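Q: can you look at this prediction? I've put the sequence above it.
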Amino acid sequence: MTVQNLPTVRIVEVGPRDGLQNIRDYIPTSTKLELIRRLKETGLGTIELTSIVSPRIIPQLADSRDVLGDEGIRRMGGKDLRFPVLVPTVRALDIAVQYGVREIAVFISATEGFSKANINCSVEQGIERARNIASLALKSNIAVRGYVSCLFLDPYDGPTQPASVLRCVKELLDAGCYEVSLGDTLGVASPSNVRSLISFLFDNDIPREKLAGHFHDTYGQAAANVWEAYNCGLRVFDSSIAGLGGCPFAPGAKGNVATEDLVYMFHNAGINTGVDLSKLVDTGVWISEQLTKTTGSRAGIGRVARECN
Ligand SMILES: CC(C)(COP(=O)([O-])OP(=O)([O-])OC[C@H]1O[C@@H](n2cnc3c(N)ncnc32)[C@H](O)[C@@H]1OP(=O)([O-])[O-])[C@@H](O)C(=O)NCCC(=O)NCCSC(=O)C[C@@](C)(O)CC(=O)[O-]
């Protein structure tokens, strides 16, 4: 069977937002813009640009307005390229509207402890806030994606009840999110946990095409989790170039599954992602050099090592 005949997976690149948000050293806006430009050149169709958030809370993304206002970025966005932006408040939504943002992401937690730490409110209040933001965004013809965090474990409260995840997913879909990304924020799950939670959601009438997977790689299970979720029927996955990232309010959690590793895994299985792996690896190496880090992508390290031999 040829690659074209097989189902296509959509990758949501979260590197410029989730990947960078927790890095303490200042990254010049020009580097962020160049990263987005390079990611676009790889063929990625969805790139989460930034988060409109207080610089006191997430200092690294204090330049979100400069990113959104950049002429090059504005010219790039369009029918075939989606640029979601994380929006935690109505005030942030107003700014998004001002900058002509066409897609936003709202985020809630399935658990109380992380909700309080991350967005300073209860789960219930978080749902209410997300509902309000989504309703206003939809009135302005802005598409809304949703995130539910702490699928399996909360850093403060312990294990998560699947029923809480179900409730949050339903609430976000009812609020008008076209898709809900399931966040293993702490990166603790392994494939059997993923299968069991996804089966529970399907058994409770959550449609497969409304779900995406967002797996952090703390325990080295993220690629396996994506594969399991794919085999359960999910076709949209978030990932971060060079495996960058983590949340300031999820202590010890590693970045998302590396985009290079996802693409390598899917292409080896004959599943099309629309992304050029070679350009992606170059981009991962490039951003890692800019940040004076070694790339967190195993596929990236593998290809570079092969080229050196
Ligand atoms: C939700 C709030 C605002 C509540 O925070 P609050 O303290 O309850 O509310 P507030 O209205 O007092 O706002 C706090 C400060 O933010 C300011 N503010 C408010 N809005 C804006 C704005 N748009 N732009 C600039 N500033 C803004 C506001 O003016 C104030 O400034 P201060 O007076 O303290 O100097 C806060 O808790 C917050 O911003 N939280 C977001 C934290 C965050 O970004 N976390 C990381 C992303 S989530 C994540 O990583 C998980 C995810 C999505 O990746 C999926 C997964 O892995 O699970």
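A: Sure, I can see it. Numbering: from 1, shown residues only.

Q: burial check on residue 127, number of neighbours?
A: Residue 127: 21 surrounding residues under other CB atoms under 10 Å. No exception for glycine: its C-beta is placed from N, CA and C like everyone else's.

Q: mind checking the SS state of residue 213?
A: strand (DSSP: H, G, I helix; E, B strand; the rest coil).

Q: mind listing what the closest residue to it other than its chain neighbours touches?
A: Closest residue to residue 213 apart from its sequence neighbours, by CB to CB, 6 or more residues apart in numbering: residue 229 at 4.3 Å. For residue 229, the contact set (CB atoms under 8 Å, 6 or more residues apart in numbering) comprises 194, 198, 213, 215, 237.

Q: and those residues as CSV, adding distance to residue 206 and pLDDT?
A: Supplementary listing: the contacts of residue 229 in CSV, determined by distance: CB to CB, whole Å; pLDDT from 0 to 100:
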residue, distance to residue 206, pLDDT
194, 14, 98
198, 9, 98
213, 13, 98
215, 18, 98
237, 17, 98
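
Q: nearest to the ligand, of those?
A: The closest of those to the ligand turns out to be residue 215 (CB to the nearest ligand atom; 8.8 Å).

Q: doesn't the residue nearest to residue 213 lie inside a helix?
A: Yes. Residue 229 forms part of a helix when assessed by three-state DSSP.

Q: quick check: residues of the stretch 201-309 of the chain near the ligand?
A: 214, 247 (CB under 6 Å from any ligand atom).

Q: show me where the stretch 201-309 of the chain has strands.
A: 211-215, 236-239 (DSSP state E, counting those that start in this stretch).

Q: just name the most buried of those.
A: strand 236-239 (a mean of 27; mean count of other CB atoms under 10 Å).

Q: what about that one, distance to the chain center?
A: 6 Å (CA atoms, centre = their mean, to the nearest Å).

Q: partner strands of it, parallel or antiparallel?
A: strand 10-13 (parallel), strand 211-215 (parallel) (DSSP bridges).

Q: make TSV out of those strands and add distance to residue 39.
A: Formatted as TSV, those follow (distance: least, CB to CB, whole Å):
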stretch	distance to residue 39
strand 10-13	5
strand 211-215	17
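
Q: got any ranges where the stretch 201-309 of the chain has weak pLDDT?
A: By pLDDT under 70, the weakly predicted segments of the stretch 201-309 of the chain are 309.

Q: go on, the stretch 51-200 of the chain?
A: Counting by pLDDT under 70, the stretch 51-200 of the chain contains low-confidence residues at 77-78.

Q: give me the residue from it nearest the ligand.
A: For the stretch 51-200 of the chain, CB to the nearest ligand atom, closest residue to the ligand: residue 183, 2.7 Å.

Q: okay, angle between the one helix or strand that residue maps to and strand 211-215 too, please.
A: Taking DSSP states H and E as the definition, residue 183 sits inside strand 179-184. For strand 179-184 against strand 211-215, the angle between stretch directions is 30 degrees (axes from the mean of the first three to the mean of the last three CA atoms, to 10 degrees).
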